[in-house]
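Asks: Predicted model and sequence below, questions to follow.
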Amino acid sequence: MAEPANKDEIATGTAEVNAGHLRAFIERIERLEEEKKALADDIKDVYGEAKGNGFDVRIMRKIVSIRKQDRDKRIEEETILDLYLSALGMN
């Protein structure tokens with residue numbers, strides 16, 4: 001087995017791993033995960049504020065979900081949903 005090129009590289013059975021490079025990626029991911037949690041907490045706070053002002057949070061979440069969808073795909077899904085509801089006598 002060949003010796004690692006420098007002290008940051010670790011030789012394994014079939015490959016060498018640059019520990020410094022790997023550590024940098026892991027640390028970046030960890031920072032992003034922390035930011036993601038902070039953003040999720042902020043979003044939760046906004047929903048809580050909206051609820052405190054009398055808005056239906058469940059409906060707001062649905063609206064946010066709908067706004068993320070492609071317009072044509074959403075219209076197609078709504079059309080099929082209406083068709084199925086009509087077939088079941090629910091429309």
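Replies: Okay, I see it. Residues are numbered from 1 along each chain as shown.
Asks: okay, and for the protein, where does confidence drop off?
Replies: Within the chain, the stretches with pLDDT under 70 are 1-9, 11-14.
Asks: For the helix or strand hosting Lys73, name the packing helices and strands.
Replies: Lys73 belongs to helix 71-87 when assigned by DSSP states H and E. Contacting helix 71-87 under the criterion 3 or more CB pairs under 8 Å, 6 or more residues apart in numbering; DSSP states H and E is no other helix or strand. The C-beta positions use only the backbone N, C-alpha and C, and glycine is treated the same way.
Asks: looking just at contacts, which helices and strands does the biggest helix by length in the chain meet?
Replies: The single longest helix within the chain, with elements called by DSSP state H, is helix 19-52. Helices and strands touching helix 19-52, as assessed by 3+ CB pairs under 8 Å, 6+ apart, comprise helix 57-68.
Asks: tell me the angle of the longest helix of the chain relative to helix 57-68?
Replies: Angle of helix 19-52 versus helix 57-68, following axes from the mean of the first three to the mean of the last three CA atoms, to 10 degrees, is 130 degrees.
Asks: Please identify the buried residues of helix 19-52?
Replies: Tyr47 (16 or more other CB atoms under 10 Å).
Asks: So what pairs up with Asn18 in the strands?
Replies: Bridge pairing for Asn18 (DSSP bridges) gives the partners Glu9.
Asks: Please report how far it lies from Phe25.
Replies: Distance of Asn18 to Phe25, given as CB to CB, to the nearest Å: 10 Å.
Asks: Kindly report the same for Ala87.
Replies: Ala87 is 52 Å from Phe25, by CB to CB.
Asks: swap in Glu76?
Replies: With the distance defined as CB to CB, Glu76 ends up 40 Å from Phe25.
Asks: Geometric centre of the chain: which residue is closest?
Replies: Nearest to the mean C-alpha position of the chain, counting by CA atoms, centre = their mean, stands Lys36 at 8.7 Å.
Asks: How much space separates that residue from Arg74?
Replies: Taken as CB to CB, the span from Lys36 to Arg74 is 26 Å.
Asks: what do you get for Ala19?
Replies: According to CB to CB, Ala19 stands 47 Å off from Arg74.
Asks: which residues touch stretch 76-89?
Replies: Residues outside stretch 76-89 that contact it (CB atoms under 8 Å, 6 or more residues apart in numbering) are Gln69, Asn91.
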